[in-house]
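K.L.:
following is a predicted model, sequence given first.
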Amino acid sequence: MEERYISKLNPTGDYGTGVFLLIIAILTILGNSAVLAVAVKRSSRLRSPELLTVNLAVTDLGMAISMYPLAIASAWNHAWLGGDATCVYYALMGFLFGVSSMMTLSVMAVIRFLVTHSSKSKSNKINRKVVHVSIILIWLYAALWAILPLLGWGHYGPEPFGTSCTIAWSQFHNSSSGFSFILSMFILCTILPAMTIIICYLGIAWKVHKTYQEMQNFNRISSAAKLEKKLTLMAVLISVGFLGAWTPYAAVSFWSIFHSSESIPHFVTLLPCLFAKSSTAYNPLIYYTFSKTFRREVKQLQCCCGQKVHFFNTKNSINSHVSVMWLGRGNVHISSFRKTDSGEIPNQ
């Protein structure tokens with residue numbers, strides 16, 4: 001076995017890595033499977049923008065299924081299993097699902113920004129015509145970047161600690177191909193999407209705050225305004241969770257571009273990698289915490305021994321009209337409400 005595929009960690013570190021990844025894999029599979037199961041249950045009521053949330057669950061679940069078993073087995077083996085072939089496979093899957101997740105979050109932010117700043121009729125039009133095409137383009141874009149190293153632009157290789165694989169950051173100085181690929185990838189797959197997410201949510205937060213404050217001044221805070229504020233918070237947490245998990249890994253990778261990876265202790269290079277992988281388990285926890293509808297429907301899922309799944313009927317509750325996940329309410333606007341005998345409620 002090549003030296004670069006042998007673990008640079010001690011046996012205790014490898015065992016702990018394997019246990020951590022196993023826990024993350026279980027949480028990711030259970031949580032995102034629940035998201036997909038709820039989406040299937042309510043497929044007839046699933047709005048187009050919610051498909052972006054479903055797509056995000058697919059990317060997280062795909063990463064856990066296609067990558068984590070190999071990483072866990074390699075950690076407990078104290079060496080990477082399969083050599084070059086599995087290394088390229090693992091790095092390609094990580095790049096594919098990672099870029100797909102990042103671009104999905106970017107599209108979510110843009111659509112939510114447009115929905116917040118547009119009228120009801122225009123937002124519905126945006127939802128119908130854009131979302132399905134956006135999902136196709138997201139996967140094509142991610143697949144293109146993932147296969148480029150196979151075509152000779154950029155390279156895949158093992159991580160410094162030996163039991164994981166990713167983009168060969170050291171190629172930044174070793175070849176013109178590696179230099180141009182890593183620079184382009186950082187700009188087009190990391191910096192620009194991250195800036196798009198940040199700018200969109202700053203714009204959304206300002207719009208929501210301004211409108212909410214105007215309603216508060218007139219003592220006319222509608223249910224729609226409260227809902228919009230809650231959905232915005234969920235959206236921000238999802239994006240912050242992803243960016244926060246991947247930022248340490250991006251920082252270490254950026255450091256290794258300009259300095260030898262040998263200058264960083266191997267255990268230090270491992271921690272950001274594990275933290276980044278934990279991002280796949282966050283979103284279902286956020287949905288469960290902030291969405292009463294999602295909690296109700298998850299509790300109705302009886303997945304043991306082929307028992308029948310019972311559907312929960314919430315038509316008498318406003319939550320039945322609320323997206324199970326944060327995305328999608330093209331027809332919920334903080335300025336849209338009507339007066340009734342019991343107060344103000346959002347137009348449906």
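P.N.:
Perfect, I can see it now.
K.L.:
how about the contacts made by S134?
P.N.:
Counting by Cβ atoms under 8 Å, 6 or more residues apart in numbering, S134 makes contact with L52, V107, I111. Yep, even glycine has a C-beta here, placed from its N, CA and C like the rest.
K.L.:
which of those residues are buried?
P.N.:
L52, V107, I111 (16 or more other Cβ atoms under 10 Å).
K.L.:
so which of these sits lowest on pLDDT?
P.N.:
Lowest pLDDT of these: I111, 85.
K.L.:
excluding chain neighbours, what is closest to it?
P.N.:
Closest residue to I111 apart from its sequence neighbours, by Cβ to Cβ, 6 or more residues apart in numbering: P49 at 6.0 Å.
K.L.:
ok, now L233?
P.N.:
Sequence neighbours aside, F290 is the residue nearest to L233 in space, at 7.1 Å (criterion: Cβ to Cβ, 6+ apart).
K.L.:
pretty sure the one you found sits against M234.
P.N.:
Yes. The criterion here is Cβ atoms under 8 Å, and F290 meets it with M234 at 4.8 Å.
K.L.:
out of the contacts of S134, who's nearest H155?
P.N.:
V107 (28.7 Å; Cβ to Cβ).
K.L.:
and the gap between the closest one and T17?
P.N.:
33 Å (Cβ to Cβ, to the nearest Å).
K.L.:
L192 too?
P.N.:
Taken as Cβ to Cβ, the span from L192 to T17 is 32 Å.
K.L.:
same check, this time on A91
P.N.:
17 Å.
K.L.:
swap in E3?
P.N.:
19 Å.
K.L.:
what do you get for T163?
P.N.:
7 Å.
K.L.:
secondary structure element holding V99?
P.N.:
Here V99, judged by DSSP states H and E, is contained in helix 83-116.
K.L.:
tell me the contacts of the nearest residue to P11 once chain neighbours are set aside?
P.N.:
Nearest residue to P11 in three dimensions, chain neighbours excluded: H78, at 6.4 Å (Cβ to Cβ, 6+ apart). Listed by Cβ under 8 Å, 6+ apart, the contact set of H78 reads I6, S7, P11, D14, T163.
K.L.:
tabulate those (TSV), appending distance to G178 and pLDDT.
P.N.:
Shown next, in TSV, are the contacts of H78 (distance: Cβ to Cβ, whole Å; pLDDT from 0 to 100):
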residue	distance to G178	pLDDT
I6	24	91
S7	25	89
P11	33	88
D14	29	90
T163	23	90
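K.L.:
okay, the residues you listed in TSV with neighbour count next?
P.N.:
Converted to TSV, the contacts of H78 look like this (neighbours: other Cβ atoms under 10 Å):
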residue	neighbour count
I6	13
S7	21
P11	10
D14	22
T163	29
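K.L.:
so of these, which ones are in helices?
P.N.:
Cross-referencing the contacts of H78 against helices under DSSP state H gives P11, D14.
K.L.:
isn't there a helix covering R4?
P.N.:
Yes. R4 forms part of a helix when assessed by DSSP: H, G, I helix; E, B strand; the rest coil.
K.L.:
gap between it and S170?
P.N.:
11 Å.
K.L.:
those two: who's more crowded?
P.N.:
More crowded of R4 and S170, by other Cβ atoms under 10 Å: S170, with 18 against 13.
K.L.:
that one contacts S256, doesn't it?
P.N.:
Yes. S170 lies in contact with S256 (Cβ under 8 Å); the separation is 6.7 Å.
K.L.:
circling back to that earlier point, what is the nearest of the contacts of H78 to V35?
P.N.:
T163 (29.5 Å).
K.L.:
A73 is in contact with the closest one, correct?
P.N.:
No. Applying Cβ under 8 Å as the test, T163 and A73 come out as separate, 9.6 Å apart.
K.L.:
how many neighbours does T280 have?
P.N.:
29.
K.L.:
confirm for me that it is in contact with I65.
P.N.:
No. In this structure T280 lies outside contact range of I65 using Cβ under 8 Å: 10.3 Å.
K.L.:
identify the contacts common to those two.
P.N.:
With Cβ under 8 Å, 6+ apart, T280 and I65 have no common neighbours.
K.L.:
rewinding a little: so what sits against both of R4 and S170?
P.N.:
Jointly contacting R4 and S170 under the rule Cβ under 8 Å, 6+ apart are G157.
K.L.:
that concludes my questions; thank you for your assistance.
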